[in-house]
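Novice: Sequence first, predicted coordinates after that:
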Amino acid sequence: MVARFAIPLVLSRRRLSIPKPVITPGSGIVDIIRVTGQALKWLRPGDTCYGEFQIRNPTTGVLTSPDNIDEPAIEVLRNNVVDIGIEVVVSAASTGRYRYHFTVPGDYLAGDFVAGVASATVDEHLDIATLVDTRLVGVDWTNPGGGSGGTILNNITIPAAVAQASLVAAQITIIRGDTLAVVLPLMGDISTRTKLVFTAKVRSSDPDIKAIIQVSEAEGLVLLNGSSDVNPAHASLEVTGASTGHVQLVIDGAETAELAIRDLIWDCQFITAARISTPISGGISIVPDVTQATA
């Protein structure tokens, strides 16, 4: 794939040709690339997809640059096939912190699966991570996958303030051992929901049963560090404004104390009789506390 790499830190718009990475299954891939934000979840043909990710040393966890000048490399896949015609622009915000964007071709179809995959090498360790993995929708989305389910029309009005807040991926900081109480970005009208779930993982491709944190509105704490042996009352996902999607997440300090110092990705999903929607997502940084006194 020919991708594009912009380096604004040196005020350059020079573009480098990035070869398709050679991926050997089972070759010792480690956790180097960490997705920290995806600004647009649902995409249509012609839309621009953009987001953020970090590259960290697999041993120390410190933000770093890849070993090779042509990394990070990003490929875009349409229905699991690499599209070499898509230009991906990557910019380094600072050491180890990157932003990317690409435009979905206008001739793609509603129902197509689109994925962006990044690769980078640090200290001779290769990592491959999915930055975005979604299914395209149309202006009017009429059950593109076939089967039952009826028609979902483009007839939802979201206030400008709600739409703007929902397009910004939120970064959540958890101080280990402290109670977390955070208001999530607005999601729009969720008054017809039948289920609401917050999930945080190391990778988006991890199965839900391996989630580091999962909290549901109905059940409270569901998973912690991939274990269902939890006290549901020690976390909550409370809707305080259904018409705007105003939700507060609370996790007790006893649970955050069990978390490892690391970065995660998260999203919040709701289900209605008509659809499944994941309007907000972002990153989580779990950090140690400085003051250790408890009384």
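Specialist: That came through, no problem. This one's a predicted model, so the numbers in the text were calculated from it and none came from an experiment. Numbers count the residues shown, from 1 in each chain.

Novice: and A73, how many residues sit next to it?
Specialist: With neighbours defined by other Cβ atoms under 10 Å, the count for A73 comes to 23. No exception for glycine: its C-beta is placed from N, CA and C like everyone else's.

Novice: how close does S277 get to S228?
Specialist: Going from S277 to S228 by Cβ to Cβ, to the nearest Å gives 25 Å.

Novice: out of the two, which sits in the more crowded spot?
Specialist: When S277 and S228 are compared for neighbours, S277 comes out ahead with 18 against 12, by other Cβ under 10 Å.

Novice: secondary structure element for that one?
Specialist: Under DSSP states H and E, the secondary-structure element containing S277 is strand 276-287.

Novice: In the sheet, which strands lie alongside that strand, parallel or antiparallel?
Specialist: The pairing partners recorded for strand 276-287 under DSSP bridges are strand 170-175 (parallel), strand 262-271 (antiparallel).

Novice: Quick one: name whatever helix or strand follows the first one.
Specialist: Same thing as strand 170-175. strand 180-183.

Novice: and the closest residue to G177 other than its chain neighbours, how many residues sit next to it?
Specialist: Spatial nearest neighbour of G177, excluding adjacent residues (Cβ to Cβ, 6 or more residues apart in numbering): A257 at 4.3 Å. Using other Cβ under 10 Å, A257 is surrounded by 12 other residues.

Novice: Correct me if wrong: A257 contacts T179.
Specialist: No - taking Cβ atoms under 8 Å as the definition, A257 is not a contact partner of T179, at 10.2 Å.

Novice: Helices of this structure, start to end?
Specialist: Along the chain, counting by DSSP state H, helices occupy 160-166, 253-256.

Novice: got the contact list for the shortest one?
Specialist: With Cβ atoms under 8 Å, 6 or more residues apart in numbering as the contact definition, helix 253-256 has outside contacts at 174-180, 221, 224, 230, 234-235, 286.

Novice: Now that helix: buried residues?
Specialist: Residues 255-256 are the ones in helix 253-256 that count as buried (16 or more other Cβ atoms under 10 Å).

Novice: coming back round to it: weakest of the helices of the chain in terms of mean pLDDT?
Specialist: With a mean of 46, helix 160-166 has the lowest mean pLDDT of those.

Novice: what's the model's confidence in stretch 233-246, averaged?
Specialist: Mean pLDDT, stretch 233-246: 92.

Novice: Any idea how far apart the tips of it sit?
Specialist: In stretch 233-246, first residue to last residue: 21 Å (Cα to Cα, to the nearest Å).

Novice: Please apply the same query to stretch 244-253.
Specialist: Distance across stretch 244-253, first residue to last, is 28 Å (Cα to Cα).

Novice: and if you look at stretch 60-77?
Specialist: 32 Å.

Novice: Determine how far that stretch lies from the middle of the whole chain.
Specialist: The chain centroid and the centroid of stretch 60-77 are separated by 17 Å under Cα atoms, centre = their mean, to the nearest Å.

Novice: Over to stretch 241-255?
Specialist: So, by Cα atoms, centre = their mean, the centroid of stretch 241-255 is 18 Å from its chain's centroid.

Novice: Which positions in it come out as buried?
Specialist: Neighbour-count burial for stretch 241-255 flags 244-247, 249-252, 255 (criterion: 16+ other Cβ under 10 Å).

Novice: Quick check: closest non-adjacent residue to T36.
Specialist: G283 (3.5 Å).

Novice: my guess is the one you found meets I265, correct?
Specialist: Yes - using Cβ under 8 Å, G283 is in contact with I265, at 5.7 Å.

Novice: which one of those two has more residues nearby?
Specialist: I265 (25 against 22).

Novice: which residues does the residue nearest to that one when sequence neighbours are not counted contact?
Specialist: Using Cβ to Cβ, 6+ apart and skipping residues adjacent in sequence, the residue nearest I265 is V35, 4.7 Å away. Counting by Cβ under 8 Å, 6+ apart, V35 makes contact with 51-53, 129-131, 203-204, 265, 283.
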